[in-house]
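Visitor: Got a predicted structure here, sequence first:
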Amino acid sequence: MEGLPARLEQLRAALPAGVKLLAVSKGQPAEVIRAAVALGLASFGESRLQEAEAKQRALADLGPLDWHFIGRLQANKARGVLRQFGTIQSVDSLELAQRLGRIAAEEGLSPAVFLQVKLRPDPAKGGFDPETLRRQWPELALLAPLRPMGLMTLAPLGLERGGRLALFQDCAALAMELGLKELSMGMSGDWPEAVEAGSTWVRLGGALFGSRQV
Ligand SMILES: *Cc1c(COP(=O)(O)O)cnc(C)c1O
């Protein structure tokens, strides 16, 4: 938690207006999130349902926060994630989107969703390949009550700066082609090039909180 105010101040100064900051609080205890809220942060990213639920309970007195799910989403966790998160950034297949749409309708929810795309081969990551996304987009766009906001992507480890910039630019071009406005791109190690390519949401864990604690 130490150092959070200074790191946040530096990031706020460095991020252009219009680029939103998702504080990735996975691996951080609830008290760190409480400190971040006191500094004006409102949007938090978590990648595991159980871990998030425990922290959300511990922070219930703060009132509603803007929770984004950013992890691999297993089908059997879909309902739980829909109940706990207003935004799901890691929708990586039509099948998952259909399931989320069905359950959201049952629950009376209309979550914001990002479609996760995989623009370079990367066995470690999920995501639509761009061709599949283009083909399935007409169906995805109609999956009310889901609200498709934009694309989310991650750069593979080991890609150098120029390669990452090109990847983020490809993602921006694809979002524009589909008419999607939001671009969730950029983590602690690569947010400057993501912002250069037009990111509207950077997802920062380490750059904000230091190393993960739990
Ligand atoms: C963990 C994670 C982040 C944040 O990573 P840092 O390198 O700590 O900034 C961003 N996006 C996703 C999808 C993550 O899983």
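Guide: Nice, thanks for sending it over.
Visitor: Name the spans of this protein whose pLDDT lies under the cut-off.
Guide: The chain contains residues with pLDDT under 70 at 1, 213-214.
Visitor: What separation do you get for the nearest residue to Ser47 once chain neighbours are set aside and the ligand?
Guide: Distance criterion Cβ to Cβ, 6 or more residues apart in numbering; nearest residue to Ser47, sequence neighbours excluded, is Gly71 at 2.8 Å. Just so you know, the C-beta spots here come from the backbone N, C-alpha and C atoms, and that holds for glycine as well. Taking Cβ to the nearest ligand atom, to the nearest Å as the measure, Gly71 falls 6 Å from the ligand.
Visitor: count of residues packed around Gly71?
Guide: When neighbours are counted by other Cβ atoms under 10 Å, Gly71 registers 19.
Visitor: Report the contact partners of it.
Guide: For Gly71, the contact set (Cβ atoms under 8 Å, 6 or more residues apart in numbering) comprises 26, 46-48, 90.
Visitor: How about Met149?
Guide: Listed by Cβ under 8 Å, 6+ apart, the contact set of Met149 reads 87, 112-114, 180-182.
Visitor: Tell me how many other residues crowd Ala75.
Guide: There are 11 residues near Ala75, going by other Cβ under 10 Å.
Visitor: And it, how close does it get to Ile103?
Guide: Noted for Ala75: a distance of 10 Å to Ile103, by Cβ to Cβ, to the nearest Å.
Visitor: go on, Thr132?
Guide: Separation of Thr132 from Ile103 (Cβ to Cβ) stands at 23 Å.
Visitor: Same question for Arg147.
Guide: According to Cβ to Cβ, Arg147 stands 15 Å off from Ile103.
Visitor: More neighbours: which of those two?
Guide: When Arg147 and Ile103 are compared for neighbours, Ile103 comes out ahead with 17 against 12, by other Cβ under 10 Å.
Visitor: May I see the buried residues of the helix or strand harbouring that one?
Guide: Per DSSP states H and E, Ile103 falls inside helix 94-107. For helix 94-107, burial by neighbour count (16 or more other Cβ atoms under 10 Å) applies to 94, 96-97, 99-101, 103-104.
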